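1. Predicted model, plus sequence, below.
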Amino acid sequence: MENKLWDYIQSVKNQSPLVHNITNFVVMNNTANALLAVGASPIMAHAKSEIKEMVAIANAVVINIGTLDEYWCESMLIAAEEAHRTNKTWILDPVGAGATSFRDEVLSKLLEFNPTIIRGNASEIIALAKANTTTTKGVDSTAESNEAINAAKYLVENYQSVVCISGATDIIIDENETYFVENGHPLMTKVTGLGCSASAIVGAFAGIFENKTESIVAAMLLLGIAGELSEKISNGPGSLQMNILDKLYNISKQEFFENVKVSKK
């Protein structure tokens, strides 16, 4: 399994997939740099006049609702509809789901276009599935990732998506299998937008591989291991952010194999 996942990482570097991001202002630079570091090609474009053409040339589309406004919502819906119509891989990152009725309305419309992959923290996944009344605190998770498993299964069944729940343990769920990735470090939660980077990296991997579930596992392992290794040489969140970018770029096969923590249920 580890060999196969490492091959995924190398294939992204070799193929340089184009990832079209409609993402938020807070993380745009970080997201683009993370994609470049893993070998992908980022493009950030939200003008309604060019969305369909961008979707057509991209390997994957990543829609992140972090800093919503009415214009961007229209762009997101155009992109999601076009990706769905053309069977293009697209990833939904439901940042802050459940925080406001506006977010929930937009997410409800986006879900109509059956995201290939949904990646969020536990409370976002729960809110998205309306499984219970867990309160979303900003964009930080107020629920443990394992509490969202039932909510994720609901989304898998109803929208034919593969769901990735981020947390201390990342949980990837499809209709047949559940994977648990236990890599990462708590300091990563002190760097804004690493979850958004995760969604973008997932897009890069899923955009070129037919097995979406395994591609998510590879992407989450890569980021988690990069975070673990980078924390050891970082003085705080500022240097951690920089070191993670470097490690995404230069991680070795030995480093990957020695630190993989993944199991399947």
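-> Looks like it came in fine.
2. Now do the contacts for Ile244.
-> Contact analysis of Ile244 by CB atoms under 8 Å, 6 or more residues apart in numbering lists 34, 188, 191, 194, 223, 226-227, 230. For glycine as for every other residue, the C-beta is placed from the backbone atoms N, C-alpha and C.
3. Can you tell me how far it is from Cys73?
-> 30 Å (CB to CB, to the nearest Å).
4. cool, and Val95?
-> Applying CB to CB to Val95 and Cys73 gives a distance of 13 Å.
5. If you count surrounding residues, which of those two has more?
-> The neighbour count for Val95 versus Cys73, taken as other CB atoms under 10 Å, is higher for Val95 (27 against 18).
6. Would you mind confirming that that one is in contact with Asn24?
-> Yes: assessed by CB atoms under 8 Å, Val95 is found in contact with Asn24 at 6.8 Å.
7. between these two, what contacts are shared?
-> 64-66, 196.
8. Strands of the stretch 101-250 of the chain, residue ranges please.
-> Remark: strands assigned in the stretch 101-250 of the chain by DSSP state E, counting those that start in this stretch are 117-121, 162-166, 170-173, 178-181.
9. of all those, which lies closest to Glu82?
-> When these are compared by CB to CB, strand 117-121 sits nearest Glu82, at 16.7 Å.
10. packing partners for that closest one?
-> The contact analysis (3 or more CB pairs under 8 Å, 6 or more residues apart in numbering; DSSP states H and E) places strand 117-121 against strand 89-93, helix 122-129, strand 162-166, helix 194-206, helix 212-231.
11. From the contact counts, what lies against the fourth one?
-> I take that to be helix 194-206. Using 3+ CB pairs under 8 Å, 6+ apart: helix 194-206 touches helix 2-15, strand 18-22, helix 28-38, strand 60-64, strand 89-93, strand 117-121, strand 162-166, helix 212-231.
12. Please render the ones you listed as TSV that adds distance to Glu182, mean neighbour count and mean pLDDT to the earlier fields.
-> Converted to TSV, those look like this (distance: least, CB to CB, whole Å; neighbours: other CB atoms under 10 Å; pLDDT from 0 to 100):
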stretch	distance to Glu182	mean neighbour count	mean pLDDT
helix 2-15	14	15	95
strand 18-22	26	26	98
helix 28-38	20	21	97
strand 60-64	24	28	98
strand 89-93	22	29	98
strand 117-121	16	29	97
strand 162-166	12	29	97
helix 212-231	8	25	98
